[in-house]
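Enquirer: sharing a model that was predicted from the sequence below.
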Amino acid sequence: MHVYEGWIIGICLFVLLVSVVRHYTRWWPFPYQGWILILGVLYSLLRSSFVSFFPSLSVIPNVSFYVFLPVLVFHAGQSFKWSELKAILGPVVYFATFGVLLCAFITGFPISQFYSITILEGILFGIIISGTDPLSMATLLKKYPLPNKLVMLIEGESMFNDAIALVLFSSLSSLIFSNANWTWLSVSGSFIWSFFGAIPIGCFLGWMVAKILGSWKETEFVELILTLILAYGTYMTAEFVFHVSGVIAVLFSSMIFSSSKLKLSCLETKVFSKFWDTLNELVQVSLFFLLGTSIGEHEFPLNRFFVAAFAVMILSRGIMIYVSGWGFNLFRKQLPFSWQHVLNLGGARGAFGVAMVLMIPQDYAYRHLFLCLAFIIVLMTILVNPILLSWYLKKNSANVTERLGRDMTPQSQI
């Protein structure tokens, strides 16, 4: 059997496996991605016994960067329209900037002390696991009658803090892994240019593709193919032509395209969202599986610090949410306490964090440590958080909904 034939068979078996797991765990209280993560570990353990039969799935860091990220980011951006984003822009921007930095510092310092690494390396890991993933909570968000603004806040926070975390990860990792000379001024300038320089590029390309498709009056097939080209083309243009953040450019191109008022066939028939939902889910389960295989290839250094690291991550999320909620309430931008509980428990870690940890160079001394920590934290949050959130909403869903009318007057809404 040729190598490419084995890969084709392997991909088909993987998709079949994902379908079976998804089908038989659809009523479980936690997402099926947790099982995919565990199956990835089992795959590596089986490969250690039957090397010739199971191909190696070692991930080249750039694969995560250039293959997986454009799909994840474009899908996140098409979930929102500008008109919807305006209502929650303030808290979303706060959570995506100060919130991410706060979580990264609160997590990073103890991690650096636990494992005798530099504070910058600890903060880098804090950035990796600061992003949240609403897909892990999608079933619960649909099951309970939550206020629309709360659901948008959960999804909006995830969309922007994942994007900001990726930009911060890119900036900080280039310093740590390249050993280049740097100053805080140069790092700040690089981050500002990378972030704000990407916005007009993404907006222009998203608008241009929407205008082209509007004038072509094409079929859904052509429209969907061009959106795929838009995602990857925007990413490559931003990264290699203008040397700005491809992640931010793709995010804004997706938002502009999705907000287009042109009557495109794919947007009107919901084919667009279904197409990107499918691609996004395939990418997510692939990343979870690859993280599992990366863990299974090495000895797992389980110790008491892993539990402490998970506790620190939970603590950092809680501090960020409740301190922020107190600040919003202080300035009469009411964020009900019941909503704060939902935001805290809804902060499961997911594909963006997995993508970032897989992007760490293979020759980095602490790569395996970061992989193991990310594995524990991602697995625990997607197994434990949905159960806790389900329990809380079952007891308090009426209170969460009622607080909208009691605490959120038109003048004080977020």
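Expert: Yep, that arrived. Residues are numbered from 1 along each chain as shown.
Enquirer: number of residues surrounding Pro145?
Expert: Pro145 has 11 neighbouring residues, counting by other Cβ atoms under 10 Å. (C-beta placed from N, C-alpha, C; glycine too.)
Enquirer: look at it and give its secondary structure.
Expert: Recorded secondary structure, Pro145: coil (DSSP: H, G, I helix; E, B strand; the rest coil).
Enquirer: how much space separates it from Phe169?
Expert: From Pro145 across to Phe169, the span is 36 Å (Cβ to Cβ, to the nearest Å).
Enquirer: just Pro70 next, same as before
Expert: Applying Cβ to Cβ, the value for Pro70 to Phe169 is 16 Å.
Enquirer: what do you get for Val247?
Expert: As defined by Cβ to Cβ, Val247 lies at a distance of 10 Å from Phe169.
Enquirer: looking at those two, which one has more neighbours?
Expert: When neighbours are counted by other Cβ under 10 Å, Val247 and Phe169 differ, and Val247 comes out ahead with 30 against 25.
Enquirer: that one and Leu168 touch, don't they?
Expert: No. Assessed by Cβ atoms under 8 Å, Val247 is found out of contact with Leu168, at 10.6 Å.
Enquirer: Leu37 contacts Phe288, correct?
Expert: Yes. Counting by Cβ under 8 Å, Leu37 touches Phe288, with 4.6 Å between them.
Enquirer: now for the two: what residues contact both?
Expert: Common neighbours of Leu37 and Phe288, counting by Cβ atoms under 8 Å, 6 or more residues apart in numbering, are Val378.
Enquirer: which one is Phe98 nearest to, not counting chain neighbours?
Expert: Distances taken as Cβ to Cβ, 6 or more residues apart in numbering put Ser324 closest to Phe98, at 7.9 Å, once the chain neighbours are dropped.
Enquirer: which strand or helix spans that neighbour?
Expert: Using DSSP states H and E, Ser324 sits within helix 304-330.
Enquirer: now do the buried residues in that helix.
Expert: For helix 304-330, burial by neighbour count (16 or more other Cβ atoms under 10 Å) applies to 305-306, 309-310, 312-314, 316-318, 320-322, 324-325, 328-329.
Enquirer: with stretch 189-198 instead?
Expert: So, applying 16+ other Cβ under 10 Å, buried residues of stretch 189-198: 190-191, 194-195, 197-198.
Enquirer: what is the mean pLDDT for that stretch?
Expert: Throughout stretch 189-198, pLDDT has a mean value of 89.
Enquirer: who touches it?
Expert: Under Cβ under 8 Å, 6+ apart, the answer for stretch 189-198 is 164, 167-168, 170-171, 238, 242-249, 252.
Enquirer: let's see it at 10 Å
Expert: 163-164, 167-168, 170-172, 174-175, 182-183, 234-235, 237-239, 242-253 (Cβ atoms under 10 Å, 6 or more residues apart in numbering).
Enquirer: mind checking which of the residues you listed are in helices?
Expert: 163-164, 167-168, 170-172, 174-175, 234-235, 246-253 (DSSP state H).
Enquirer: just the buried residues out of these, in ChimeraX syntax.
Expert: Typed into ChimeraX, the line below selects the buried ones among the ones in helices among the contacts of stretch 189-198, using 16+ other Cβ under 10 Å:
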select :163,164,167,168,170,171,172,175,234,235,246,247,248,249,250,251,252,253
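Enquirer: picking that back up, contacts only, for the residue nearest to Phe98.
Expert: Ser324 sits next to 91, 94-95, 98-99, 102, 335, 340, 343 when contact means Cβ under 10 Å, 6+ apart.
Enquirer: next one: Phe65
Expert: By Cβ under 10 Å, 6+ apart, the neighbours of Phe65 are 166, 170, 235, 239, 246-247, 355-356, 358-359.
Enquirer: kindly recompute the last result at 8 Å.
Expert: Residues counted as contacts of Phe65 (Cβ under 8 Å, 6+ apart) are 355, 359.
Enquirer: state the distance from it to Leu213.
Expert: Distance, Phe65 to Leu213, by Cβ to Cβ: 28 Å.
Enquirer: which regions of the stretch 101-250 of the chain sit below the pLDDT cut-off?
Expert: The stretch 101-250 of the chain contains residues with pLDDT under 70 at 135-140, 180, 218.
Enquirer: give me the element the nearest residue to Leu371 once chain neighbours are set aside is part of.
Expert: Nearest non-adjacent residue to Leu371, counting by Cβ to Cβ, 6+ apart: Ser294, 5.3 Å away. Per DSSP H and E, Ser294 falls inside helix 271-296.
Enquirer: any idea how far that helix is from the middle of the chain?
Expert: Centroid separation between helix 271-296 and its chain, computed with Cα atoms, centre = their mean, to the nearest Å, is 11 Å.
Enquirer: show me what that helix is packed against.
Expert: Helix 271-296 sits against helix 3-24, helix 33-49, helix 69-77, helix 220-236, helix 265-268, helix 351-358, helix 367-407, with contacts defined as 3 or more Cβ pairs under 8 Å, 6 or more residues apart in numbering; DSSP states H and E.
Enquirer: reformat these as TSV; add distance to Gln284.
Expert: Shown next, in TSV, are the helices and strands packed on helix 271-296 (distance: least, Cβ to Cβ, whole Å):
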stretch	distance to Gln284
helix 3-24	10
helix 33-49	7
helix 69-77	7
helix 220-236	15
helix 265-268	22
helix 351-358	4
helix 367-407	11
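Enquirer: which of the ones you listed sits closest to Lys149?
Expert: Closest to Lys149 of the helices and strands packed on helix 271-296 is helix 367-407 (Cβ to Cβ; 7.3 Å).
Enquirer: next, the angle from that closest one to helix 271-296.
Expert: Computed with axes from the mean of the first three to the mean of the last three Cα atoms, to 10 degrees, the direction of helix 367-407 lies at 140 degrees from that of helix 271-296.
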